[in-house]
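**Q** Need a 3D model of the sequence below.
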Amino acid sequence: MARRKREPMSEGKKNIIAELIEEYDIRTAKDIEDALRDLMGGTIQEMLEAELDEHLGYRSYERSDSSNYCNGKKTKKIRGNLGETEIEVSQDRDGTFEPKVVKKRQKDISGIGIEQKILSLYSKGMTTRQISDTIEEIYGFEVSDGMVSDITDRLLPQIEDWQNHPLDAAYPIVFIDAVHFSARDNGQIRKLAAYVILAVSLTGHKEVLSIHIGENESAKYWLGVLNELKNRGVKDVLVICADGLSGIKEAINAAFPLNKQRSVFPSDMALLKALYLATHEITKKWTMPLRNWGRVLGELEIMYPDRLN
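**A** Below you'll find the predicted structure:
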């Protein structure tokens, strides 16, 4: 691809640059960054003031009979590609002003999606401290541990919705497997198992039905897990494959009595959030049905007649 030819600089731009160099006493590349960051904050603040004037219907410093008027300013830190800067956002008395240049509660204006970057790093198993250090090293501004936790905590409603979304009435095959992790609890390190329930649908597509985090396996525990699947719409499973999980046979017999078992094969919440993100990244790649799925489904329909209709 041919490189775009740089346009000649106009006299107006040259004059602006000359004024900037003189105004900010620019001598180094760092001075340029500091000057641009200051200009960014000042420009945004002026645009916000103009937005408020338009909202009020008159300039905020003018007299008016309107019941709504400028009611002080609130300091706000914003993060851009040049780093972090501080601006003052004017407030209106009625609280109806909705700025568009930098929206309420918006702090990231970089266009790189800092929150998505944080969630991506979190899904890879990085700690809040490691994420903070990485963001500061790459983008040049500090992200506190508390901010990382606040951003990942916004996943909790999504996790709850996902864990309760309706399921198909029947699944030919369900796999239950465990992945072991360490999690911190009141200063103590605990070993936890994350049980991933993966199903193959009637169309041959893989689907993660649920993730459960626990320490102990028992028939009572697994019965609760299977009953949760039933409450979400599952009426029948032909084959459940698990790997020597304690109490799983008894639970399967109780939850799905018609099932012929051919084979039985920093905190809890932090672990669940990380697994949720990782799981959804993986499932984006599951776009094709399993190979030879039609033949497998045909065999299952012969073995289990009238159960998939």
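
**Q** from here on, contacts and neighbour counts on C-alpha atoms
**A** Will do.

**Q** now could you export just the CA positions of the longest strand belonging to the chain as CSV?
**A** What stands out as the longest strand in the chain, according to DSSP state E, is strand 170-185. In CSV, the C-alpha atoms belonging to strand 170-185 read as follows (Å, rounded to 0.1, in the frame of the first residue of the first chain):
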residue,chain,number,x,y,z
ALA,A,170,-32.6,-32.1,25.4
TYR,A,171,-28.9,-32.6,24.9
PRO,A,172,-27.4,-35.8,23.3
ILE,A,173,-24.1,-35.4,25.2
VAL,A,174,-23.0,-33.4,28.3
PHE,A,175,-19.4,-33.3,29.5
ILE,A,176,-18.5,-32.3,33.1
ASP,A,177,-14.9,-31.6,33.8
ALA,A,178,-12.9,-29.8,36.5
VAL,A,179,-10.1,-27.2,36.2
HIS,A,180,-8.2,-26.5,39.4
PHE,A,181,-7.2,-23.1,40.6
SER,A,182,-5.8,-21.3,43.7
ALA,A,183,-7.8,-18.5,45.2
ARG,A,184,-7.1,-16.2,48.1
ASP,A,185,-9.7,-16.1,51.0
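
**Q** Would you pull up how far it lies from the middle of the chain?
**A** 21 Å (Cα atoms, centre = their mean, to the nearest Å).

**Q** just checking, what packs against that strand?
**A** strand 188-200, strand 236-242 (3 or more Cα pairs under 8 Å, 6 or more residues apart in numbering; DSSP states H and E).

**Q** angle of the first one against strand 170-185?
**A** It stands for strand 188-200. 170 degrees (axes from the mean of the first three to the mean of the last three Cα atoms, to 10 degrees).

**Q** buried ones in the longest strand of the chain?
**A** 170-178, 183 (16 or more other Cα atoms under 10 Å).

**Q** Identify the residues contacting the nearest residue to Ala251 once chain neighbours are set aside.
**A** Closest residue in space to Ala251, ignoring its immediate chain neighbours: Leu223 at 4.6 Å, by Cα to Cα, 6 or more residues apart in numbering. Shown in contact with Leu223 (Cα atoms under 8 Å, 6 or more residues apart in numbering): 248, 251-252, 254-255.

**Q** Please read off the pLDDT at Ser263 from the model.
**A** Ser263 is assigned 38 on the pLDDT scale.

**Q** ugh, wrong one, Leu258
**A** For Leu258, pLDDT reads 59.

**Q** Next, the buried residues of the helix ranked longest in the chain.
**A** Ranked by number of residues, the top helix in the chain under DSSP state H is helix 29-56. Across helix 29-56, burial judged by 16+ other Cα under 10 Å covers 32, 34-35, 37-38, 40-42, 44-45, 48-53, 55-56.

**Q** cool, stretch 85-96 as well?
**A** Buried-residue list, stretch 85-96, by 16+ other Cα under 10 Å: 85-92.

**Q** And the buried residues of strand 170-185, which is closest to Ser67?
**A** Nearest to Ser67 among the buried residues of strand 170-185, counting by Cα to Cα, is Ala183 at 55.0 Å.

**Q** What's the mean pLDDT across the longest helix of the chain?
**A** Mean predicted confidence for helix 29-56 is 78.

**Q** Within the sheet, what are the partner strands of the longest strand of the chain, with directions?
**A** strand 188-200 (antiparallel), strand 236-242 (parallel) (DSSP bridges).

**Q** Highest mean neighbour count across those, which stretch is it?
**A** Highest mean neighbour count of the strands paired with strand 170-185: strand 236-242, a mean of 20 (counted as mean count of other Cα atoms under 10 Å).

**Q** could you point out which element follows that strand?
**A** Next helix or strand after strand 236-242 toward the C-terminus (DSSP states H and E): helix 248-255.

**Q** gap between that next one and the chain center?
**A** So, by Cα atoms, centre = their mean, the centroid of helix 248-255 is 35 Å from its chain's centroid.

**Q** mind showing which ranges of the stretch 1-150 of the chain have poor pLDDT?
**A** 1-7, 9, 60-65, 81-83, 108-115, 138-142 (pLDDT under 70).
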